[in-house]
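K.L.:
The following comprises the amino acid sequence and a computationally predicted model.
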Amino acid sequence: MSELRNIYKIISNKKVCPRFYHLKIEAPKLVKNVRPGQFIHIRVRDSVEPFFRRPFCVYRAQDSIDILYEVVGKGTALLSAKKKNDQLDILGPLGNTFSMPPEGVQTVVMIAGGIGVAPFLFLTDQLKTRPVHLILLYGGRTKEHIFSLAPFKKNGCKIYTATDDGSVGVRGRVSELFFHVPKDSRGTWIYTCGPKPMMASAQQFAQEHQINGEASCEEVMACGLGACLGCATKTKEGYKTVCYDGPVFDLNELVF
Amino acid sequence: MNLNVSIGSIVFDNPVTVASGTFSAAEKFYGLKGWKRLGAIVPKTITLHAREGNPPPRIWETPAGMINAIGLENAGTKAFITDKLPGLASIGRPLIISVLGYSVEEFQSIVELLAGSPEIVAIELNLSCPNLKQKKLVAQDPQAAQQIVAAVKRISSKPMIAKLSPNVTDITEIAQAVEAAGADAISLVNTFSAMAIDIHKQKPVLGNITGGLSGPAIRPIAVCMVYQTYKKVNIPIIGMGGIMTAGDAIEFILAGATMVAVGTANFIQPQVPLDVLNGIRQYMKDRKIADVKDLIGAAHRA
Ligand SMILES: Cc1cc2nc3c(=O)[nH]c(=O)nc-3n(C[C@H](O)[C@H](O)[C@H](O)COP(=O)(O)OP(=O)(O)OC[C@H]3O[C@@H](n4cnc5c(N)ncnc54)[C@H](O)[C@@H]3O)c2cc1C
Ligand SMILES: Cc1cc2nc3c(=O)[nH]c(=O)nc-3n(C[C@H](O)[C@H](O)[C@H](O)COP(=O)(O)O)c2cc1C
Ligand code: FES
């Protein structure tokens, strides 16, 4: 409906590393309403090809709505060709939000795989004023996935990186970095976002050490509004929609 | 300008509605102003007992459309009545409830359970259900379809709308069968059997392997089915299949549809049903057409 959908103008759309782009959108209404963890649903072209909108979580919401995205297919390729002043048809903000870590948590660990790092800058924009240590474990896959993590550093994050080829940071999966996580079931809180196998390993680690936290999930989406039931993901309570019940779920509730 | 249309004894303010399975679930959005202007609302099909739905992935994008295999996820009729119906009724539009039974008796039980709700003005029978004796769908077997329509007509005075599957050799044969059994209207069409294969993994994309194709890709076929069926039956047709614009909807009306339902387009642009309604108005105004009924089936008279 018109209340949810708006046409916004692009401020800039820049490549930040061989794989990732940083899109800035002029959207004061969204900046005001969006919360960390939520996503926006972009129609990359006014055409039936590609047909679906494309979901992206919000990377930052300060003066503009920022999206950090990886070009993986035709929709993101079209998005990467957009220029300053081009218009974008956006539904949002959609989905639920990260909850703030409960009382007693001293360390927040964000476990991110590849572009799964995107929702965490906005999250740390909020967490930085709290008395918690922030740790980011970033599994970058290859050198091509490594972009400047300076804004995370500015927000007070301690950052550890792994790449599959060892070109940056530790060689291997992000799970190689789990030893940095304080094994304190009440004092540590995990947020994770990335490929399913990575989130599954984060869940296993969390369960082993009785740590709680949240995961931001991805499934192919049509409506983004909870109308089609197409984006179902399995949880201990049965199927839930990623777009409406999520994208953020209790890490220990997900069934991988 | 008169946009009223009727099905059985029920008069609708205007001919625009939404296709089952493409609306509802999202209570958070019921307050949106646009919905309050629709002719009717058709929520997702309910079954007698709760269904978990199919394993993901449940949807896939195709050229100008999508394939879905949701698997009729729903909480069952009783939970629908207590948990969903009040919210849907609060939108303030006539409700047409889509139902599917796995036997004649199940169809009857659901219809009986819904009988006490005055906000439900009509029932849509989703006949894309397995025909237990034969290895096909009820909507592919004129006798089985007839049996269900007759059985629910016997126990309810609400108008019964038979929703047909396009996966048949001759849709008009089934349409005539359900009309003879007492159906008050026909919904045309449900999705077309379809699948997609992941060439990297070399296996089907959908968790359910096969699904149904919808969206603009199917529109010309759906228009043709409405056109052919209009020639053969006297009951109203609710036309659907890939409607994205008012022009698309008018095509269905000219082919013979009394009402039109916006389906998959809701996933791309949630304001499409309203745009369609406004566009039909504008079209009538531009051509000085006073009554939408003059457009129904006009392509046959040209
Ligand atoms: C809630 C949510 C938040 C997301 N946030 C980001 C983000 O911040 N940055 C980012 O780069 N990506 C994000 N993604 C993934 C992004 O939506 C996909 O990369 C994008 O849709 C791919 O489109 P494409 O046309 O380029 O790829 P294609 O492979 O051509 O797309 C084909 C179809 O699959 C879907 N699809 C493909 N990959 C994914 C995926 N990983 N998740 C969901 N659907 C997919 C597409 O939407 C499309 O329907 C997010 C996904 C979800 C569900
Ligand atoms: C995701 C999805 C779910 C659907 N669920 C139902 C359903 O529960 N019952 C039903 O009768 N039709 C269902 N349909 C079919 C639509 O109601 C409609 O008949 C069909 O999609 C053609 O119209 P469209 O191209 O405008 O979507 C569904 C379609 C889609 C895309
Ligand atoms: S994308 Fe339609 S319900 Fe989530």
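P.N.:
Here it is on my side, so go on. Ligands and ions are numbered 1, 2, ... in the order given.
K.L.:
by contact count, what packs against the lowest-mean-pLDDT helix or strand in chain A?
P.N.:
Ranking every helix and strand in chain A by mean pLDDT, DSSP states H and E puts strand A:170-171 at the bottom, with a mean of 89. For strand A:170-171, the packing partners by 3 or more Cβ pairs under 8 Å, 6 or more residues apart in numbering or on different chains; DSSP states H and E come out as strand A:157-163. C-betas here are computed from N, CA, C, even on glycine.
K.L.:
Residues touching the strand it packs on, excluding its own?
P.N.:
A:110, A:124, A:133-143, A:145-146, A:149, A:152-153, A:168-174, A:176-177, A:180 (Cβ atoms under 8 Å, 6 or more residues apart in numbering or on different chains).
K.L.:
Which ChimeraX command selects the buried ones in those residues?
P.N.:
Restricted to buried positions by 16 or more other Cβ atoms under 10 Å in any protein chain shown, the ChimeraX selection for those reads:
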select /A:110,124,133,134,135,136,137,138,139,140,141,145,146,149,152,169,173,174,177
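K.L.:
quick one, helices of the stretch 1-150 of chain A?
P.N.:
A:28-33, A:74-80, A:119-127, A:150-154 (DSSP state H, counting those that start in this stretch).
K.L.:
for these, which one ends up most surrounded?
P.N.:
helix A:119-127 (a mean of 23; mean count of other Cβ atoms under 10 Å in any protein chain shown).
K.L.:
And chain A, what are its domain boundaries?
P.N.:
Following automatic domain parsing, one gets these domains for chain A: A:5-94, A:107-215.
K.L.:
Are the longest one and ligand 1 in contact anywhere?
P.N.:
So the one you mean is domain A:107-215. Yes - Domain A:107-215 lies within reach of ligand 1 by Cβ under 6 Å from any ligand atom, at A:115, A:118.
K.L.:
That domain: how far from the chain's middle?
P.N.:
11 Å (Cα atoms, centre = their mean, to the nearest Å).
K.L.:
What parts of the stretch 151-256 of chain A come near chain B?
P.N.:
A:219-234, A:238-239, A:241, A:244 (Cβ under 8 Å from any Cβ of the partner chain).
K.L.:
ok, now with 10 Å
P.N.:
Listed as neighbours of chain B in the stretch 151-256 of chain A under the rule Cβ under 10 Å from any Cβ of the partner chain: A:219-234, A:238-239, A:241-244.
K.L.:
With ligand 2 in mind, check whether stretch B:48-55 reaches it.
P.N.:
No - under the criterion of Cβ under 6 Å from any ligand atom, ligand 2 is not reached by stretch B:48-55; the shortest gap measures 10.3 Å.
K.L.:
any bit of that stretch sitting next to chain A?
P.N.:
Yes - under the criterion of Cβ under 10 Å from any Cβ, stretch B:48-55 makes contact with chain A via B:50, B:52, B:53, B:54, B:55.
K.L.:
Need phi/psi at residue B:98.
P.N.:
The phi/psi pair for residue B:98 (degrees, to the nearest 10) reads phi -90, psi 130.
K.L.:
separation between the closest residue to residue B:195 other than its chain neighbours and residue A:27?
P.N.:
Nearest in space to residue B:195, with sequence neighbours left out and distances taken as Cβ to Cβ, 6 or more residues apart in numbering or on different chains, is residue B:210 at 4.6 Å. Remark: distance between residue B:210 and residue A:27 (Cβ to Cβ, to the nearest Å) = 40 Å.
K.L.:
Which of those two has more residues huddled nearby?
P.N.:
Remark: of residue B:210 and residue A:27, residue A:27 carries more neighbours, 24 against 12, as counted by other Cβ atoms under 10 Å in any protein chain shown.
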